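> Pasting a predicted model and its sequence here:
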Amino acid sequence: MALTLTQLNAASLQDATQWLAGLYEHSPWIPQAALAKRPFTSLAQLKSAMVGVLNAAGIEPQRVLIRAHPELAGKAMVDKSLTAESSSEQSKAGLTHCTPHEFETIQQLNRDYNARFGFPFILAVRGPRGTGLSKAEIIATFERRVQSHPDFERQECLRNIHRIAEIRLNDLFGTSPELGNVVWDWQEALAQHTDPGYAELGQLTVTYLTDAHRACAQRISMDMRQAGCDTVHIDAVGNVVGCYKKDSNLRISDEGYSPILHKTLLTGSHYDTVRNGGKYDGRLGIYVPLACVQMLAQAGKRLPFDIEIVAFAEEEGQRYKATFLGSGALTGHFNPDWLDQQDADGITMRDAMQHAGLCVDDIPSLKRNADDYQGFVEVHIEQGPVLNELDIPLGIVTSINAGVRYQCEVTGMASHAGTTPMDRRRDAAAAVAELMLFVERRAAADGDSVGTVGMLQVPNGSINVVPGRCLFSLDLRAPNNAQRDTLAEDVLAELAAICTRRGVHQSVTETMRASAAPSAPVWQSRWERAVQALGVPLHRMPSGAGHDAMKLHEIMPQAMLFVRGLNSGISHNPLESSTNDDMQLAVDAFALLLSDLAQSSAD
Ligand code: HGY
Ligand code: MN
Ligand code: MN
């Protein structure tokens, strides 16, 4: 019989502890201490209380808890002394049916891991979707984490223990993150489409207007229609636009105009990816609002405003140097010069658009009239370690950092690697290497700036030739425009000084400049009210990553909600991951923001 929060809040401490005793392996003291914070208004609040108890317990009790866990496919499984929960979890993951090679591999990993860390490897084998990792995924994670730093592994084991407890809690309360599963599965299906050359490697790369990109547009269109959007279309730059109309019986006020809160709510994010990227960057911000539309449509409910979800076609600027192309088309910032840009295969953007059946002439008409909108909200994975390390599922974005990007080239003199004395070289790559170390030092000196040389190439280089040319990129970011600009000035001045000293030449082309985008206070507080109503701790934070919201920021108020990433929140990497439960919380927060808006429009 499933437990309810009402029962848990009303029960004696002894009964309540007994009911929750199986959440943390052999450690009822954790839920027992958390129960002191009753009454709980949500499972999220109970989970957060148990996280707090364990974090406050200190390192030694944490180590004891970790050691209270069985090894994977270990002795306890073999001699059948696992707890009921662990036995079910390990068998669902297929660990009770390993091949001899798999079994031996895991035993060796258990020995290595124990020898290195002094406690067993802990992994929530039911995984981020809750349905179970494959043995191959388990072994790959084991092999990756056995290389980690001891401190990181203790924390990572605790995070996995909290995830195990979360899944056990869902089972105990008979709840399941239904819409979190829907969002998770939508993204999984979308990730099947990837550019040629990457598909064979099992990597996700979807760059602007490739066949995979257009297949994504079709799939997103289908998802939007099936979820209940009244209109869905692909616009002239490849954005997929779905609209869930407002209540058509809505009374317009006597003055005949719609108060601000009856204007359209704009939301969405991008569906292109970086090369070998993750499944959730951008896409989560398309599918979380779509799950809310699905919920409204299935309930036959309409709000007093339209919800317009845009799946932006191009944010990452991978195939062409045209970052925020999709959202820029909506703000009137599509740069026609981009059309003549060529990709690595010499295909112009114009040709790619025509091949995709897009009508270039219609692009100017995509510009939105900001007066037609209440504002823009975007849900996005954090793409960083903060929420993961704080064990907090959602974050409130206070501002998006300013950024500037350059494509650069240093030219020196190619010469014989064997006969050119070290003091007679004009080595283009050595000059760039010197600059890279300056960028690292200079950005670190600010404390909250970042500087990256993400692309570095000696075109047609040879092992025995001193590099005559070196191409590289610069990505410089800071919390505000002034700090960004000072950083950029210093880096470019150092580049010039290095080139003068080394007798080489440089050329620098700015390819992107985005201003810092502080969240609109009224919208940030809407996210805050939603997160607090869920019983999730409130954590405000800046965004180090750029997002479409910073483009919409130029014409309307905006605010973002972050969702925790697993694996230290890594992103722009196939290890990018997020759980069905966290996605459910994001859907719940979005739904609360919608009802908050609907309520205030009725006031
Ligand atoms: O680079 C960024 O910040 C974003 O992921 N495009
Ligand atoms: Mn990205
Ligand atoms: Mn993104």
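Sure thing, it's come through. Predicted model, so just to flag it, every value in this text is computed and none were measured. Ligands and ions are numbered 1, 2, ... in the order given.
> Show me what whichever helix or strand residue 115 is part of is packed against.
Assessed by DSSP states H and E, residue 115 sits inside helix 100-117. Here helix 100-117 is seen to pack against helix 135-145, helix 150-173 when contacts are counted using 3 or more C-beta pairs under 8 Å, 6 or more residues apart in numbering; DSSP states H and E. All C-beta atoms are positioned from the backbone trio N, CA, C, and that covers glycine.
> Give me whichever of the ones you listed is most buried.
Of all the helices and strands packed on helix 100-117, helix 150-173 has the most neighbours on average by mean count of other C-beta atoms under 10 Å, namely a mean of 19.
> Do you know the pLDDT at residue 262?
On the pLDDT scale, residue 262 is placed at 81.
> what number of residues lie near whatever residue of the stretch 251-400 of the chain ends up closest to ligand 1?
Residue of the stretch 251-400 of the chain nearest ligand 1, by C-beta to the nearest ligand atom: residue 316 (5.0 Å). Residue 316: 22 surrounding residues under other C-beta atoms under 10 Å.
> That one is in what secondary structure piece?
Using DSSP H and E, no helix or strand contains residue 316.
> show me what contacts it?
Residues in contact with residue 316 (C-beta atoms under 8 Å, 6 or more residues apart in numbering) are 207, 270, 272, 273, 274, 277, 323.
> make it 6 Å
For residue 316, the contacting residues are 272, 274, by C-beta atoms under 6 Å, 6 or more residues apart in numbering.
> same check, this time on residue 203
residue 276.
> What of residue 173?
Here residue 173 is in contact with 2, 3 (criterion: C-beta under 6 Å, 6+ apart).
> mind checking pLDDT for it?
pLDDT, read off for residue 173, is 97.
> now do the one 10 residues further on
If you check residue 183, the pLDDT there is 98.
> Likewise for residue 252?
pLDDT recorded at residue 252 is 53.
> sec struct for residue 542, please.
Look at residue 542: counting by DSSP: H, G, I helix; E, B strand; the rest coil, its state is strand.
> Excluding covalently adjacent residues, which one is nearest to it?
Among residues not flanking residue 542 along the chain, residue 399 sits closest, at 5.1 Å (C-beta to C-beta, 6 or more residues apart in numbering).
> so what's the backbone phi/psi at that neighbour?
Main-chain torsions, residue 399, degrees, to the nearest 10: phi -170, psi 150.
> now swap in residue 464 and tell me
Main-chain torsions, residue 464, degrees, to the nearest 10: phi -110, psi 30.
> what's near enough to touch it?
Neighbouring residues of residue 464 by C-beta under 6 Å, 6+ apart: residue 417.
> same check, this time on the one 5 residues further on
If you count contacts by C-beta under 6 Å, 6+ apart, residue 469 has them with 411, 428, 459.
> same check, this time on residue 5
Residue 5 neighbours (C-beta under 6 Å, 6+ apart): residue 40.
> Could you report the pLDDT at it?
97.
> now the one 10 residues further on
According to the predicted model, the pLDDT of residue 15 comes to 97.
> Now do it against ligand 3, distance only.
Counting by C-beta to the ion, to the nearest Å, the gap from residue 15 to ligand 3 is 46 Å.
> Over to residue 156?
24 Å.
> Which parts of the protein belong to which domain?
5-173, 180-399+517-602, 402-514 (automatic domain parsing).
> what residue ranges in the chain score low on pLDDT?
250-261, 601-603 (pLDDT under 70).
> Which residues does the helix holding residue 115 contact?
71, 72, 73, 74, 121, 135, 139, 142, 146, 150, 153.
> residues touching the last one, list them.
With contacts defined as C-beta under 6 Å, 6+ apart, residue 153 is in contact with residue 117.
> same check, this time on the first one
Contacts of residue 71 were listed using C-beta under 6 Å, 6+ apart, and they are 110, 120.
> So it versus ligand 3, what's the distance?
Residue 71 sits 38 Å away from ligand 3, going by C-beta to the ion.
> How many neighbouring residues does the nearest residue to residue 158 once chain neighbours are set aside have?
Excluding its sequence neighbours, the residue lying closest to residue 158 (C-beta to C-beta, 6+ apart) is residue 62, at 6.0 Å. As a burial measure, residue 62 scores 18 neighbours (other C-beta under 10 Å).
> Could you tell me whether residue 62 really is in a helix?
Yes - assessed by three-state DSSP, residue 62 belongs to a helix.
> Going forward, count from 55.
Noted, 55 is the first residue going forward, which turns the last one into residue 116.
> Return the set of residues that bridge with the residue most central in space within the chain.
Centroid-nearest residue in the chain: residue 435, 2.7 Å away (criterion: C-alpha atoms, centre = their mean). Beta-bridge partners for residue 435, by DSSP bridges, are residue 617.
> ok, it touching residue 617?
Yes - using C-beta atoms under 6 Å, residue 435 makes contact with residue 617 at a distance of 5.2 Å.
> Between the two, which contacts overlap?
Common neighbours of residue 435 and residue 617, counting by C-beta under 6 Å, 6+ apart, are residue 632.
> Validate this expectation: residue 321 resides in a strand.
Yes - membership of residue 321 in a strand is supported by three-state DSSP.
> That one and residue 343 touch, don't they?
Yes - between residue 321 and residue 343 there is a contact under C-beta under 6 Å: 4.6 Å.
> Now the common contact residues for these two.
Counting by C-beta under 6 Å, 6+ apart, the residues touching both residue 321 and residue 343 are residue 363.
> Between the two, tell me which one has more neighbours.
residue 343 (31 against 28).
> Now name the helix or strand holding that one.
helix 337-352.
> Could you find the closest non-adjacent residue to the closest residue to ligand 3 within the stretch 55-204 of the chain?
Per C-beta to the ion, the residue of the stretch 55-204 of the chain with the smallest distance to ligand 3 is residue 182, at 18.6 Å. Sequence neighbours aside, residue 633 is the residue nearest to residue 182 in space, at 4.4 Å (criterion: C-beta to C-beta, 6+ apart).
> what's the spacing between that neighbour and residue 621?
For residue 633, the distance to residue 621 equals 11 Å [C-beta to C-beta, to the nearest Å].
> Neighbour count for these two, which is higher?
More crowded of residue 633 and residue 621, by other C-beta under 10 Å: residue 633, with 25 against 21.
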